[in-house]
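K.L.:
model this:
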Amino acid sequence: MTTRTQAFSVLPIEVERVFAAYPEKVRHCLMVLREVILDVAKEDGIECLEETLKWGEPSYLSPHGSTIRFDWKPKTPKSIFCISIVKLV
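P.N.:
Residues are numbered from 1 along each chain as shown. Alright, predicted model coming up:
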């Protein structure tokens, strides 16, 4: 588990391995989504964002909000998991 404070752009090794396993086009799209999540957290003044894996899927946890988790699978190619009241962007 890695906690992010200042170096939001550093990808934890365990998360990097999951991204590396995605097809190239999917990896690019999910990296863009990751950057959006990190940018919004930074803009909202979130100083502690944990980037980790939950159920083997990239997950973003903050003490001030709900966990955001996403993944790509051939059978469910568009999956983002979060509480329904979450405002992503």
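K.L.:
confidence score at M1?
P.N.:
According to the prediction, M1 has pLDDT 46.
K.L.:
buried ones in stretch 32-43?
P.N.:
Applying a neighbour-count criterion of 16 or more other C-beta atoms under 10 Å, the buried positions in stretch 32-43 are R34, I37, L38, V40, A41. (Glycine included, C-beta is placed from N, CA and C.)
K.L.:
With adjacent residues omitted, what lies nearest to the second one?
P.N.:
Put plainly, it is I37. Y60 (5.3 Å; C-beta to C-beta, 6 or more residues apart in numbering).
K.L.:
which stretches of the chain aren't confidently modelled?
P.N.:
1-9, 78-89 (pLDDT under 70).
K.L.:
and the residue nearest to I37, bridged to which residues?
P.N.:
On the basis of DSSP bridges, Y60 is bridged to E51, I68.
K.L.:
Which of the buried residues of stretch 32-43 fall within helices?
P.N.:
When DSSP state H defines the helices, the subset of those inside them is R34, I37, L38, V40, A41.
K.L.:
export those residues to JSON lines and tack on distance to E16?
P.N.:
Below are those laid out as JSON lines (distance: C-beta to C-beta, whole Å):
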{"residue": "R34", "distance to E16": "11"}
{"residue": "I37", "distance to E16": "16"}
{"residue": "L38", "distance to E16": "14"}
{"residue": "V40", "distance to E16": "21"}
{"residue": "A41", "distance to E16": "19"}
